[in-house]
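[1] next one to model:
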Amino acid sequence: MERRTELRTKLLLAALRHVTFDGWTDVAFHRAISDLGWSIEEYDRLFPSGPPEAGILLFQLADLSMSSALTQKQSADFRTRDRVSLALRIWLTFLNPYKDAVRRLVPFMSLSGNNLLGLECLYHTVDTIWYSAGDKSTDFNFYTKRALLASVLSSSILFWLNDNSFESEDTWGFIDRRIENIMSLQKLRTKVDGLCSRLPDLSSLLRVIRPINR
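    I've put the predicted structure just below:
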């Protein structure tokens, strides 16, 4: 990890306990700067775009942790759904110590001035998950897979934020069910595409149907 990234990460982690009370604001980061004994100028240098940039870094750190851990934990006999489900678990487990800060971050990144950054961040996460899970698709499935997983990730975050079960067991069950749903949709799509490819075109159908209607 390069020196600047190390400093950014150190400041972010120091600020998270203040974010719980002060939100994703300059105040929270100024308090962290004071805790570290740094100058205010250091905050401006490390996060020139302020709290939104710091929020993105938190999710990026989760992405890196997930990608690295998934490479080590998955085995060759894992199904794709197992890899994706495991990736989501690892990602949320990394964020678990900072759950209160994430609870403040989700609505913060949904604000009109931050929502585009939030969407870019969401896309980066789902893209990293599929890539880490071994997805090699380059056709239209590339986009549909990421769109479907984005909906799963978004709903899983909201479920996890309100989950008080032991070691987030309810969240893991929720993720498994959602993953099963999107895999079923993918199978259905493949069957429909295969059926459509075997159907005659509309003009051929009309030539067959027209004599029947006379």
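[2] domain map for this protein?
    1-48, 54-213 (automatic domain parsing).
[3] what is the mean pLDDT for the shortest one?
    Read it as domain 1-48. Domain 1-48 carries an average pLDDT of 95.
[4] please shift the residue numbers so they start at 38 in all later answers.
    That works, and once the first residue is 38, the last one we named lands at domain 38-85.
[5] so how far is it from its chain's centroid?
    24 Å (CA atoms, centre = their mean, to the nearest Å).
[6] where does the protein dip in pLDDT?
    Low-confidence segments of the chain, defined by pLDDT under 70: 38, 111-113, 222-251.
[7] leaving out sequence neighbours, find the closest residue to the most centrally placed residue in it.
    Residue closest to the mean C-alpha point of the chain, counted by CA atoms, centre = their mean, is residue 162 at 4.0 Å. Nearest residue to residue 162 in three dimensions, chain neighbours excluded: residue 100, at 5.5 Å (CB to CB, 6 or more residues apart in numbering). C-beta: built from backbone N, CA, C; applies to glycine.
[8] now do residue 215
    Closest residue in space to residue 215, ignoring its immediate chain neighbours: residue 189 at 4.5 Å, by CB to CB, 6+ apart.
[9] so the one you found sits against residue 219, correct?
    Yes. In this structure, residue 189 is within contact of residue 219 by CB atoms under 8 Å, at 6.1 Å.
[10] so which of these two has more stuff around it?
    Higher neighbour count among residue 189 and residue 219: residue 189, with 21 against 18, using other CB atoms under 10 Å.
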